[in-house]
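> next comes the sequence, and after it the predicted model I'd like to discuss.
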Amino acid sequence: MAGGGGIRASARIIGPGLVIAATGVGAGDLIAAAVSGSRYGYAVIWAAAVGTVLKFALNEGLARWQLATGTTLLEGWVKHLGRWVQYVFLVYLVIWSFVVGGALIAACGIAAHALVPAVGYETWGIVHSLIAAMLVLLGGYKSFERLVSLFIGLMFVTLIGCAALIAPPQTTLASLVSQAAVPAGSTRYILGVIGGVGGSVTLLAYGYWIREKGWEGSQRLKTVRLDLGVAYALTGVFGVAIMVLAAETLFNTGVVVEGSEGVVKMAAMMEQSLGAAGRWTFMVGFWGAVATSMLGVWQGVPYLFADFVGLMREASAEEHRRMVSTRSRWYRGFLIWLALPPLVLLITKKPFELVVVYAVLGALFMPFLAATLLYLNHGRERTGELRNRWWSVALLLICLGLFAYLAVLKILAVVGN
C-alpha cells in the first residue's frame with residue numbers, strides 16, 4: 001500500500017516534464033546523435049549532457065516567469081517588449097508549424113514503414129497525423145500525459161535497452177568521461193547535438209502544461225525544478241544511448257554517415273550484433289521517439305496560437321483563460337492546421353530534408369528565447385524572489401551565444417546548399 005501511495009505521489013509531482021522530454025527527443029535529435037557518434041565515437045558524447053543542461057536552464061527560466069507573474073511568457077513578451085512581438089512571432093509560428101508538421105508526419109511515416117514495409121511511408125504518415133489529432137481532440141491533458149508516460153517507458157526499454165546490450169561490459173560513467181574530447185573538425189557536429197537535444201519552440205508548451213497540472217505560484221518552484229530535472233536527465237540519457245549505439249555500430253566499424261542514413265545503418269548493424277530482434281527493438285524505439293514528438297507538438301503548440309489570439313483580441317483575463325484551453329475553437333483550429341495542410345509535403349522524395357528546415361527555424365527561435373528570459377527575469381520589479389540568479393544568468397548567456405552561433409551556421413549551411 002505504501003509503495004502504491006509513493007508512486008501516486010511521484011506522479012503528482014512529475015508529469016509535464018516527462019511530456020517535454022518525450023516531445024523533445026525526436027527524429028532530428030536521433031539523426032544528429034547518430035551522425036556525431038559515427039564520426040567521433042565516445043569522444044563527443046558529453047555534448048548530449050551539455051545540451052540538456054542548457055535546455056533545462058531555458059525551461060526553468062520560462063517556468064519561473066510564469067510562477068512569479070501568473071502570466072505566460074507570450075503575455076510577458078507582448079506586455080514588456082511591445083505588440084510587434086505577437087505579429088512577428090505569430091507569422092513565425094504559422095510557418096514553423098507547417099514545416100514541423102510536415103517533418104514529423106514524414107518521420108513517423110518512415111519509422112512505421114521500416115517496421116511494416118507493406119504500407120508506404122506516405123500512408124503511414126497520414127495515419128499517424130490523423131490518429132494523433134483525434135487523440136488530442138477526444139482526450140484532455142491528463143489522458144495525454146498518461147499516454148506519453150507509456151511511450152517514455154517504451155523508449156526507455158527499447159533505446160536504452162539496446163545501448164546497454166551493445167555497449168562493452170567495462171563501459172561506466174567514468175570511462176565515458178575519460179574519453180571526452182573535442183576532435184578536430186567536430187565543432188559543427190557537437191553544436192548540432194547540443195542544439196538539437198530537448199526541442200526548441202516546444203519548450204514554450206511547458207508553461208501551458210504546468211497550468212493544466214494546476215502548478216501556480218512561487219511555492220511551486222521546487223516542484224517544477226524537480227519535474228524538469230527528471231525530464232532533462234531522461235533526455236540526456238536518451239541522447240547518450242543513441243551516441244553509444246552509433247559509436248558501437250558505426251564508428252567502431254568505420255562507417256561514417258550523414259543525415260537520415262545514420263538511423264537506417266544503425267538498425268542494420270543492430271541486426272548483425274543482436275539479431276533480427278535487435279533491429280526490431282531499435283526501430284520500435286525510433287518509432288516511439290518520433291510518434292511522441294508528433295503527439296506532443298499536436299497537443300502543445302495550439303496553446304501558443306490560442307494565447308496569441310487572446311492577446312490580439314485584448315480579451316479579459318477570464319475569457320483569455322477559456323480561449324487558451326483544449327476546448328476552444330482557436331486551439332482546435334490550429335490543431336487542424338498542424339495535422340492536415342502539411343500532408344501536402346509528403347509529395348517530396350526527400351522527406352528528411354524537412355527536418356533540416358525545421359532545425360533552422362528552431363535555431364532562429366532559441367537565441368530570442370534566451371535573450372528575453374535574461375531581460376524579463378532580471379530584477380525584483382517583475383519576478384521578485386524568482387528573479388535570475390548568477391547561475392541562471394551565466395547559463396542563459398551561454399545559451400544566447402551558443403544558439404546564436406548555431407543559428408548562423410545552420411543558415412549558412414542551407415544557403416550554401
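Nice, I can see it. Numbering: from 1, shown residues only.
> so Val237, which state does it fall into?
helix (DSSP: H, G, I helix; E, B strand; the rest coil).
> dump whichever strand or helix holds Ala22 to PDB, keeping only the CA atoms.
Using DSSP states H and E, Ala22 sits in helix 16-24. Taking C-alpha atoms only, helix 16-24 is exported to PDB below (Å, rounded to 0.1, in the frame of the first residue of the first chain):
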ATOM      1  CA  PRO A  16       4.700  17.900 -17.600                       C
ATOM      2  CA  GLY A  17       8.500  17.300 -17.600                       C
ATOM      3  CA  LEU A  18       8.100  13.800 -19.000                       C
ATOM      4  CA  VAL A  19       5.900  15.300 -21.700                       C
ATOM      5  CA  ILE A  20       8.600  17.900 -22.600                       C
ATOM      6  CA  ALA A  21      11.200  15.100 -22.600                       C
ATOM      7  CA  ALA A  22       9.200  12.900 -24.900                       C
ATOM      8  CA  THR A  23       8.400  15.700 -27.200                       C
ATOM      9  CA  GLY A  24      12.000  17.000 -27.300                       C
END
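> show me where this structure dips below the pLDDT cut-off.
1-14, 27-28, 172-173, 196-199, 255-262, 348-363, 413-417 (pLDDT under 70).
> buried ones in the longest helix along it?
Looking across the chain with DSSP state H, the single longest helix is helix 276-312. Under the neighbour-count criterion of 16 or more other CB atoms under 10 Å, helix 276-312 has 278-311 buried. Where you see a C-beta, it was placed from the backbone N, CA and C, and this is true even at glycine.
> and stretch 160-170, how far apart are its ends?
Using CA to CA, to the nearest Å, the end-to-end distance of stretch 160-170 comes to 17 Å.
> so what's the residue count around Leu93?
For Leu93, the number of neighbouring residues by other CB atoms under 10 Å comes to 21.
> tilt between the host helix or strand of it and helix 276-312?
Per DSSP H and E: Leu93 is located in helix 84-115. Interaxial angle of helix 84-115 relative to helix 276-312 (axes from the mean of the first three to the mean of the last three CA atoms, to 10 degrees): 160 degrees.
> helix 84-115: how far from the chain's middle?
Averaged C-alpha coordinates place helix 84-115 at 12 Å from its chain's average position (CA atoms, centre = their mean, to the nearest Å).
> show me what it is packed up against.
Under the contact definition 3 or more CB pairs under 8 Å, 6 or more residues apart in numbering; DSSP states H and E, helix 84-115 sits against helix 27-40, helix 73-81, helix 121-138, helix 276-312, helix 329-339, helix 353-376.
> next, format these as TSV and append distance to Leu150.
Listed next are these as TSV, based on distance: least, CB to CB, whole Å:
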stretch	distance to Leu150
helix 27-40	20
helix 73-81	29
helix 121-138	12
helix 276-312	9
helix 329-339	21
helix 353-376	25
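> so for Phe251, which of those sits nearest?
Closest of those to Phe251 is helix 27-40, at 5.5 Å (criterion: CB to CB).
> tell me the helix or strand right after the closest one.
According to DSSP H and E, the helix or strand after helix 27-40 is helix 46-69.
> show me what counts as buried in that following helix.
Quick answer for helix 46-69 (16+ other CB under 10 Å): 46-52, 54-69.
> same deal with stretch 312-327?
Neighbour count says stretch 312-327 has 320, 323-326 buried, by 16+ other CB under 10 Å.
> that one: end-to-end distance?
Where stretch 312-327 begins and where it ends lie 19 Å apart, using CA to CA.
> just give the number of residues close to the residue nearest to Ala63 when sequence neighbours are not counted.
Of all residues beyond its chain neighbours, the one nearest Ala63 is Val224 (4.6 Å), with distances taken as CB to CB, 6 or more residues apart in numbering. By other CB under 10 Å, the residues close to Val224 number 23.
> what kind of secondary structure is Val224 in?
helix.
> state the distance from it to Asn252.
41 Å (CB to CB, to the nearest Å).
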